[in-house]
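**Student:** predicted coordinates and the sequence they were generated for:
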Amino acid sequence: MPAAWAGHEQWRVLETGFGAGMNFLATWRAWKEDPARPRLLHFASIEARPVSADELLHSAANFPELLELARQLARQWYGLLPGFHRMSFEDGHVLLTLCVGAAPEMLGQLAFEADSVSLDGAAFPAKSLARLCRRGTRIVVRSATEERLRSLATCGFSVDHARGCATWDPPWEPRRGPAAVRAKAGTCAVIGAGLAGASVAASLARRGWKVLVVEAAGGPASGASGLPAGLLAPHQSPDDNLLSRLSRAGVRATLCQAEAVLPPDAWGASGVLEHRSEDPRPPPHADDAGACWTRAAASPDGAPAWWHEKAAWIRPRALVRALLQHPAIECRAHTRVRRLVPAGAAWSLEAFDGAEIARVNLVVAAAAFDSLSFLPLALPLHPVRGQVSWSHDIPPGMPAFPLNGNGHFLPRVPIEGGDAWLCGSTYGRGDTQRDERAQDHMANLERLRTLLPSAALALEPQFTQRLVQAWTGVRCASSDRRPLVGPIAPGLWVSTAMGSRGLTFALLCGELVAARLHAEPLPLEKRLADAIGVERVLS
């Protein structure tokens, strides 16, 4: 592999049949030991029935040189329901996309061009495979049969029957869409230094971009991302709907990043209890793979609930600051963009005094609702005001874990000034004001009565005596309450409309922007990526 990937910025491997992961671990080790390795190693692998984490470690025990890598893999080897699962290693420079499902279906959901391919002995559609190859992609077929090799030959592969391998080199010129064009790293301006902007900046910086983050306020996380602490939890639905599947992918991405970059006082893998008295039906995935995401439980007051093991509380401002700590990222505060002006193949960012802020190859708008003030076309973005109630006065008897449902409750988290409880939030559609409102405090108390009556009773004196404090912010949502991610013009992209799920979606969307720009394996199935693509709202 080192000889093949020499001189490449990225190397993309496609494999059918992950098994116990030996091919991935060996490729990862070869990448680590190669001083001339590519900046990024992508490994996309299809597996219908993933083995357990213990089986991964048992197989790796026979190869001492791979055992530590196997331990790192095992720590992220959880919740492998059907669909894509992105795992990140080496500070995001080694990315495994595990596609759980049958090969024909998973091949149809992949959207990239592989540099090398490893096929197991199972049947596969050669035409679907050819769609994922570039001219020169080399394929090794394990347990190759003559029939299988012949099927490759009919789809443009030059087959070496003796060695059981093939190279994609069709005698015709293949037609490729825009998604197959690999961007070259250059200069980028990200407008907005909240969770969305910091996530895009970090993903692009890892890929070699020089990134300028422009922020109108006085510093990073000055808007909705300045929440003292927030909840990260998957959305659960009895039919495992689109939002549920998107949220699991987002939670996985954020948990991985939090573990890598945040200190212990900035987050906690606490799990979250979701109050479900209005819908006590069990979760749709009751097997081992689904149980770590959601299982039936009961609240401290005895109401039906779901327990989300893979959930956490996080201080968003700490995460934003950590994401921006890359040497290729510059953050410029007190800088408001008036408009974006095309400048040949570049974009010029113009300030309100007419001065040029920067001229870059790529612009990513991530300024939430404020993006409408400088974007050259209108997007269906809507402001949503939220008020959170909180206090440092924590009464005894509070639960040891956060709760959510109709609102959320964090019983004890370390914020600036000491431990505090937080509850909320209100959801004021169309409201852009950030004033503290007494009626919103009382609305948060009413939500807490439904969520956990015993906690509401203990905290009610603080509300009635007006001892609680407020944090308010204006979030940004789309018409269908899903993020908007993708290009709206050549060299102009957006990553916005995270709504009240910025912790869940921002990092996932940042990786999706980078993956689409560089024609990499996407962190989501194509149908899920399309569901948050900005193209769905462009006429």
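**Tutor:** Done, it's in. Here the structure is a predicted model, which is why all the values come from computation and not from measurement.
**Student:** list the beta-bridge partners for W306.
**Tutor:** Listed beta-bridge partners, W306: E274, A296 (assigned using DSSP bridges).
**Student:** ok, it - how many residues close by?
**Tutor:** The number of residues packed near W306 is 26, by other Cβ atoms under 10 Å. All C-beta spots, glycine's among them, are computed from the backbone N, C-alpha and C.
**Student:** ditto for G344
**Tutor:** Neighbour tally, G344, other Cβ under 10 Å: 8.
**Student:** next one: it relative to A183, how far apart?
**Tutor:** 17 Å (Cβ to Cβ, to the nearest Å).
**Student:** so what's R49 up against?
**Tutor:** Contacts for R49 (Cβ atoms under 8 Å, 6 or more residues apart in numbering) come out as none.
**Student:** can you give me phi and psi for the residue nearest to L107 when sequence neighbours are not counted?
**Tutor:** The shortest distance from L107 to any non-neighbouring residue, by Cβ to Cβ, 6 or more residues apart in numbering, is to S128 (4.2 Å). Dihedral angles phi and psi of S128 (degrees, to the nearest 10) take the values phi -60, psi -40.
**Student:** as a check, name the ranges of all strands in the stretch 1-150 of the chain.
**Tutor:** Under the criterion DSSP state E, counting those that start in this stretch, strands of the stretch 1-150 of the chain are mapped to 10-16, 40-47, 83-89, 94-100, 114-119, 133-141.
**Student:** now do the second one: distance to the chain's middle.
**Tutor:** On the basis of Cα atoms, centre = their mean, to the nearest Å, strand 40-47 is displaced by 17 Å from the centre of the chain it belongs to.
**Student:** over to stretch 506-524?
**Tutor:** Distance, stretch centre to chain centre, for stretch 506-524: 8 Å (Cα atoms, centre = their mean).
**Student:** which other residues reach stretch 90-98?
**Tutor:** Residues outside stretch 90-98 that contact it (Cβ under 8 Å, 6+ apart): 18, 24, 28, 31-32, 39-45, 47, 50, 73, 80, 84-89, 202-203, 206, 260, 520-523.
**Student:** swap in stretch 398-408?
**Tutor:** Residues from elsewhere that reach stretch 398-408 (Cβ under 8 Å, 6+ apart): 231, 233, 270-276, 299-300, 305, 311, 313, 409-412, 421-425, 444, 447-448, 450-452, 455, 458.
**Student:** the residue nearest to L107: neighbour count?
**Tutor:** A count of nearby residues for S128, using other Cβ under 10 Å, gives 16.
**Student:** residues touching the nearest residue to V13 once chain neighbours are set aside, list them.
**Tutor:** Leaving aside its chain neighbours, V13 sits nearest to F43 (4.7 Å; criterion: Cβ to Cβ, 6+ apart). By Cβ under 8 Å, 6+ apart, the contact set of F43 is V13, E15, F24, T27, W28, V94, L95, L96, T97.
**Student:** and which of these is nearest R150?
**Tutor:** Taking Cβ to Cβ as the measure, R150 lies nearest E15 of these, at 21.8 Å.
**Student:** and the residue nearest to V13, how far is that from H85?
**Tutor:** From F43 over to H85 the distance is 12 Å, taken as Cβ to Cβ.
**Student:** now do F374
**Tutor:** 36 Å.
**Student:** higher neighbour count, these two?
**Tutor:** Taking other Cβ under 10 Å, F374 and H85 do not tie; H85 has more neighbours (23 against 17).
**Student:** need the strands for the stretch 351-500 of the chain, in chain order.
**Tutor:** Assigned by DSSP E, counting those that start in this stretch, the stretch 351-500 of the chain shows strands spanning 356-360, 362-365, 381-391, 403-405, 407-415, 418-424, 428-429, 469-478, 484-489, 492-496.
**Student:** ditto for the stretch 151-300 of the chain
**Tutor:** Going by DSSP E, counting those that start in this stretch, the stretch 151-300 of the chain shows strands at 157-160, 165-168, 187-191, 210-214, 230-232, 267-268, 272-275, 295-298.
**Student:** what would those strands look like in a markdown table with mean pLDDT?
**Tutor:** A markdown table is the format used below for the strands of the stretch 151-300 of the chain (pLDDT from 0 to 100):
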| stretch | mean pLDDT |
| --- | --- |
| strand 157-160 | 88 |
| strand 165-168 | 89 |
| strand 187-191 | 98 |
| strand 210-214 | 98 |
| strand 230-232 | 97 |
| strand 267-268 | 98 |
| strand 272-275 | 94 |
| strand 295-298 | 88 |
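**Student:** could you export these as TSV, including mean neighbour count and distance to L538?
**Tutor:** Output for the strands of the stretch 151-300 of the chain, formatted as TSV (neighbours: other Cβ atoms under 10 Å; distance: least, Cβ to Cβ, whole Å):
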stretch	mean neighbour count	distance to L538
strand 157-160	19	37
strand 165-168	22	33
strand 187-191	26	19
strand 210-214	23	24
strand 230-232	26	30
strand 267-268	23	36
strand 272-275	24	35
strand 295-298	15	40
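**Student:** W390 is nearest to which of these?
**Tutor:** Per Cβ to Cβ, nearest to W390 of the strands of the stretch 151-300 of the chain: strand 230-232, 11.7 Å.
**Student:** and the closest residue to A6 other than its chain neighbours, its phi and psi?
**Tutor:** Spatial nearest neighbour of A6, excluding adjacent residues (Cβ to Cβ, 6+ apart): A36 at 5.9 Å. Backbone torsions for A36, taken as degrees, to the nearest 10, come to phi -100, psi 30.
**Student:** so what pLDDT did the residue lying closest to H275 once chain neighbours are set aside get?
**Tutor:** Distance criterion Cβ to Cβ, 6+ apart; nearest residue to H275, sequence neighbours excluded, is G405 at 3.4 Å. Looking at G405, its pLDDT reads 90.
**Student:** and the pLDDT at E173?
**Tutor:** Confidence score, pLDDT, at E173: 87.
**Student:** phi and psi next, for it.
**Tutor:** The phi/psi pair for E173 (degrees, to the nearest 10) is phi -90, psi 110.
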